[in-house]
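*Asks:* give the three-dimensional model of this entry:
(chains A and B)
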2 protein chains.
Amino acid sequence: MPRIYFQQQLATLKDRLLAMAGLAQQALELSIEAYLTQDAQIAAHVQEVEREINSAERSVDEMAYDLLATEQPMAVDLRFILSVIKINSDLERVGDQSANIAERVVGASKGSHLELPVDIRGMGERVGVMIRSAIQALVEADAKLAEQVLAMDDEIDDRNHVIQNVLLELMQERPAMSDHALNAILVSRNLERAADHATNIAEDVIFWVRGSDVRHRLHLVEAD
Amino acid sequence: MPRIYFQQQLATLKDRLLAMAGLAQQALELSIEAYLTQDAQIAAHVQEVEREINSAERSVDEMAYDLLATEQPMAVDLRFILSVIKINSDLERVGDQSANIAERVVGASKGSHLELPVDIRGMGERVGVMIRSAIQALVEADAKLAEQVLAMDDEIDDRNHVIQNVLLELMQERPAMSDHALNAILVSRNLERAADHATNIAEDVIFWVRGSDVRHRLHLVEAD
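*Replies:* From the prediction side, this is the model:
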């Protein structure tokens, strides 16, 4: 395969991964909306998007495997393809976490979840920022931005611990709220897991980019 | 590199992955023991094993990457190396789940967890069987055994749901037990995640042995 065609294939692979990332972000945002509004229709939509994600995951994986099998990618291209395979798997798991969150739509009345003294929406937004930033780091081959994502993970862990402690106390004081409180604890755990996947993605971007200086120089030369 | 040397390298890679698997199984078994006995020393040991796992993961990954970079593995060898990379990542996450379980050693008195009307030990043993079987399927290139692992995942999901429901009821009736109950719910969720990783490993074994991607197709069938 001529080198220029191979580079086009790599660009296509990246585009497919970005489409996958778009779906994962959509699933996560919708799942938090479904949970907060206890809206079964939005929850059903999340499950649809999750199925799309699973199919997109296979297509990205197959393309990556084909490129490894038919080309003999060296150094940075090999690292890029391996990073794509790992990031792909993490995005699929963000989809899984979103599906889990959407399962917490259990027909509770709308207000009941909002009464809980915890900020699930705020936590969800921060996790959304982590995933978006990790993907942007991938698009722009920006290892510094990826490092910022790693730094955000501690905040999410802290938020998860606080939510867990606050709700455990609430359960003891108001046992009738136990099911709502448990739901919120589980959603918070799912968000914390989604943040872990954003962290994994950021680490893979760093793995890819740190050796890729040579490649960028090559691209500049080729473009001349 | 002569082909026979390459085959030796692949065998070494497999051995290293098996050592990694041994550590992951050890971490999981110890973590359940630590939780059930609320023994802080065993819990500390789990955290040590988890660090060993992280270092073993890196070494397996590096060897796999080197083989991809320096050889041009075709077809079944390529699939094997890619499976190793994925299985390696799942084993590392079994280590993470074990560390999470070990964090549930919170200085409760020994008996208090055993009072709960749920069978964490039994669930832990079943998840242990799944992981062992998935690894055995890898060792013996046995796709049928790997399929048996996939079939066991439903049982674990059911156990998790039952534990969650039983303990939610308990929380409402005996609020003072809420913290013990919540701990057990979180341990049950960690075990359920560990079982998911065993399932992923089994799927990767099937992908390696048969050359087909069973991941989401089987899940769709299971969902029916």
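*Asks:* alpha carbons only for contacts and neighbour counts from here, please
*Replies:* Noted.
*Asks:* longest helix in chain A, please.
*Replies:* Longest helix of chain A, by residue count under DSSP state H: helix A:3-37.
*Asks:* and the next helix or strand after that one, what does it pack onto?
*Replies:* Downstream of helix A:3-37, the next assigned helix or strand under DSSP states H and E is helix A:40-70. The elements that helix A:40-70 packs onto, with contact taken as 3 or more CA pairs under 8 Å, 6 or more residues apart in numbering or on different chains; DSSP states H and E, are helix A:3-37, helix A:75-102, helix B:75-102.
*Asks:* relative to A:N190, which of those is closest?
*Replies:* A:N190 lies closest, by CA to CA, to one member of the helices and strands packed on helix A:40-70: helix A:75-102, at 5.5 Å.
*Asks:* and the angle for the closest one with helix B:40-70?
*Replies:* 140 degrees (axes from the mean of the first three to the mean of the last three CA atoms, to 10 degrees).
*Asks:* just the buried residues of helix A:75-102, please?
*Replies:* A:75-102 (16 or more other CA atoms under 10 Å in any protein chain shown).
*Asks:* quick one: it near chain B?
*Replies:* Yes: residues of helix A:75-102 contacting chain B under CA under 8 Å from any CA of the partner chain: A:75, A:78.
*Asks:* so which elements touch that helix?
*Replies:* helix A:3-37, helix A:40-70, helix A:178-209, helix B:40-70.
*Asks:* and chain A, which residues reach chain B?
*Replies:* Taking CA under 8 Å from any CA as the contact definition, chain A meets chain B at A:54-55, A:58, A:68-69, A:72-75, A:78, A:168, A:171-176, A:178-179, A:182.
*Asks:* buried only: go through these for me.
*Replies:* Buried by 16+ other CA under 10 Å: A:54-55, A:58, A:68-69, A:72-73, A:75, A:78, A:168, A:171-172, A:175-176, A:178-179, A:182, out of those.
*Asks:* ok, back up a step: return the list of helices and strands in contact with the longest helix of chain A.
*Replies:* Using 3+ CA pairs under 8 Å, 6+ apart, helix A:3-37 is in contact with helix A:40-70, helix A:75-102, helix A:110-114, helix A:120-139.
*Asks:* of all those helices, which one is nearest A:I156?
*Replies:* The nearest among the helices and strands packed on helix A:3-37, by CA to CA, is helix A:120-139 at 7.1 Å.
*Asks:* in this structure A:A102 contacts A:A34, no?
*Replies:* Yes: using CA atoms under 8 Å, A:A102 is in contact with A:A34, at 6.2 Å.
*Asks:* mutual contacts of the two, please.
*Replies:* A:A43 (CA atoms under 8 Å, 6 or more residues apart in numbering or on different chains).
*Asks:* would you format the helices and strands packed on helix A:3-37 as JSON lines with mean pLDDT included?
*Replies:* Converted to JSON lines, the helices and strands packed on helix A:3-37 look like this (pLDDT from 0 to 100):
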{"stretch": "helix A:40-70", "mean pLDDT": "94"}
{"stretch": "helix A:75-102", "mean pLDDT": "92"}
{"stretch": "helix A:110-114", "mean pLDDT": "60"}
{"stretch": "helix A:120-139", "mean pLDDT": "96"}
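*Asks:* could you dump those helices to JSON lines with distance to A:L145?
*Replies:* JSON lines is the format used below for the helices and strands packed on helix A:3-37 (distance: least, CA to CA, whole Å):
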{"stretch": "helix A:40-70", "distance to A:L145": "24"}
{"stretch": "helix A:75-102", "distance to A:L145": "16"}
{"stretch": "helix A:110-114", "distance to A:L145": "33"}
{"stretch": "helix A:120-139", "distance to A:L145": "6"}
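*Asks:* of these, which is nearest A:H197?
*Replies:* Among those, helix A:75-102 comes nearest to A:H197, with 5.3 Å by CA to CA.
*Asks:* next, the angle from the closest one to helix A:178-209.
*Replies:* Using the same axes, to 10 degrees: helix A:75-102 against helix A:178-209 is 170 degrees.
*Asks:* returning to what we had before: can you tell which of the helices and strands packed on helix A:40-70 is closest to B:A40?
*Replies:* helix B:75-102 (8.4 Å).
*Asks:* picking that back up, pipe the helices and strands packed on helix A:40-70 into TSV and attach distance to A:P117 per row.
*Replies:* As requested, the helices and strands packed on helix A:40-70 are exported to TSV (distance: least, CA to CA, whole Å):
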stretch	distance to A:P117
helix A:3-37	13
helix A:75-102	19
helix B:75-102	25
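*Asks:* so which of those helices is nearest B:I4?
*Replies:* Across the helices and strands packed on helix A:40-70, closest to B:I4 is helix B:75-102 (CA to CA), at 12.9 Å.
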